[in-house]
Structures are given as C-alpha cells and as structure tokens.
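**Student:** let's see this in three dimensions:
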Amino acid sequence: MGGVNLIPPDLLERREARRLSRAWIGRLGVTLALLGVLFAALGRLAARQIEEVDRAAASYAALTARLQSAEELLRLRDRLAERHDMIGFIRGEMTADQLLEALAASLAPDTYLTCLSLERCPPAEAEAAPAPGAAPCESSLMLRGLAPGHRDVGEVLRRLGAQPVFRGVTLVSVQGPAAEQRAGELEFEMLCRLAGETPDD
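**Tutor:** Numbers count the residues shown, from 1 in each chain. Sure thing, here's the model as predicted:
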C-alpha cells in the first residue's frame, strides 16, 4: 500500500541543506583543530632550532674570544722576546717565555690581556741601599686586561699573587665597559713587582 509524502519539497531541501552544512562545519572544525596541532608542533620545533642556533653562536663567540686571547699572548711574547735584554736584571736567567708562562697560567677563563708594560729599575739603583724613608727601587710589570666580572678580576689577582716570579701584586683600578669594549666587560690594571733577587746557592 503506497503512502503520500505530506512534507513540502522545499522543506525537505532546506533540511538536507542544513544537514550538509552541519557536516561541512564539523569537517572544517576537525581540519582547523589538526592545523592548530600542526602549527603548535612547528612552533616548538622552530623554538628548539632557535635555541640550538643561539647556543652555537655563543660557543662560536667564546671560541673567538679564546683565540683572540691566545693571539694577544703570542704578540706579547714576541714583543718581550725582542726586548729580552730589558728583563736581564732578573737573577736566575729568567726568560721572557717563563714570564709569559706565569702570566698565561694566571688568566682566568674568558679574561685576556690588552697591554703589558715593563718598568725597569736601573741596576745601580736596585743594588744601592734606599735613602731613609724612601721606598726601594723595584722593577715591575703593569698589566691591563679585560674580564667578564669582578670575580674574574679577583681570580686573576689571586693567581698572579701565587706566582713565584712576582714579589707582590697590586690591583690598581677596575673600570666599567668602554664604548669600544663588549657589553659587560671590565677593564682592570694590575701592578706586579718582579722578584728580582733569588737566594744564592
């Protein structure tokens, strides 16, 4: 027995259109959710890659600083070797290499020297007895360098003071970073009095 559909055709079409619309909206929502998960994963991956690049850049900068420090020491060694006669007053035949080895062993990590000047006491004044109330004539090294912080400056001062080639070490000054220096670096000056006399055998 046949039946008669009493629902108007236009109403059926509207219902079908709404059903299809809801289906497409659902699919679109799932697609957008998947895209959100994908973009979040890509963001985390990009952040990790940026961190790796930053670490590599920091390692390269540290390596460059160490190479610059080594180059500075080599230049200082060459200049002192050329003027080896200027430190001939030190008994025991100390060489420029020995003096620079003591300096190199005293540098803390990420610190390096920028200038070294030798103030030589004339032999006649060094051997003569000082006048009453006057300080004895002593030969000394004036060091200037750069360090990341005050703790590093203190470490350099401590290491220099432990070197037997120096009679004493004095911290002359510590200044903040200048315009031509890297941010955060401190410039220091130290006076190292040379141990010019050694016990007789």
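
**Student:** C-alpha only now, for contacts and for neighbours.
**Tutor:** OK.

**Student:** residue ranges with poor pLDDT in this structure?
**Tutor:** 1-12, 60, 63-64, 66-68, 70, 78-96, 120-138, 177-184, 196-201 (pLDDT under 70).

**Student:** do a quick rundown of the strands in it.
**Tutor:** For the chain, strands defined by DSSP state E occupy the ranges 112-119, 140-147, 166-175, 186-194.

**Student:** so can I have TSV of the ones you listed showing distance to L99 and mean neighbour count?
**Tutor:** Converted to TSV, the strands of the chain look like this (distance: least, CA to CA, whole Å; neighbours: other CA atoms under 10 Å):
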stretch	distance to L99	mean neighbour count
strand 112-119	12	16
strand 140-147	10	20
strand 166-175	9	16
strand 186-194	10	21
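
**Student:** any chance of those strands in CSV, plus distance to R159?
**Tutor:** Formatted as CSV, the strands of the chain follow (distance: least, CA to CA, whole Å):
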stretch, distance to R159
strand 112-119, 14
strand 140-147, 14
strand 166-175, 10
strand 186-194, 12
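
**Student:** next up, the contacts around G168.
**Tutor:** G161, C192, R193, L194 (CA atoms under 8 Å, 6 or more residues apart in numbering).

**Student:** partners of the third one in the sheet?
**Tutor:** When you say that, I think you mean R193. In this entry, R193 is beta-bridged to S140, G168, by DSSP bridges.

**Student:** my guess is it contacts V169. True?
**Tutor:** Yes: using CA atoms under 8 Å, R193 makes contact with V169 at a distance of 6.3 Å.

**Student:** pull the number of nearby residues for the nearest residue to P148 once chain neighbours are set aside.
**Tutor:** Spatial nearest neighbour of P148, excluding adjacent residues (CA to CA, 6 or more residues apart in numbering): E185 at 4.7 Å. When neighbours are defined as other CA atoms under 10 Å, E185 has 19 of them.
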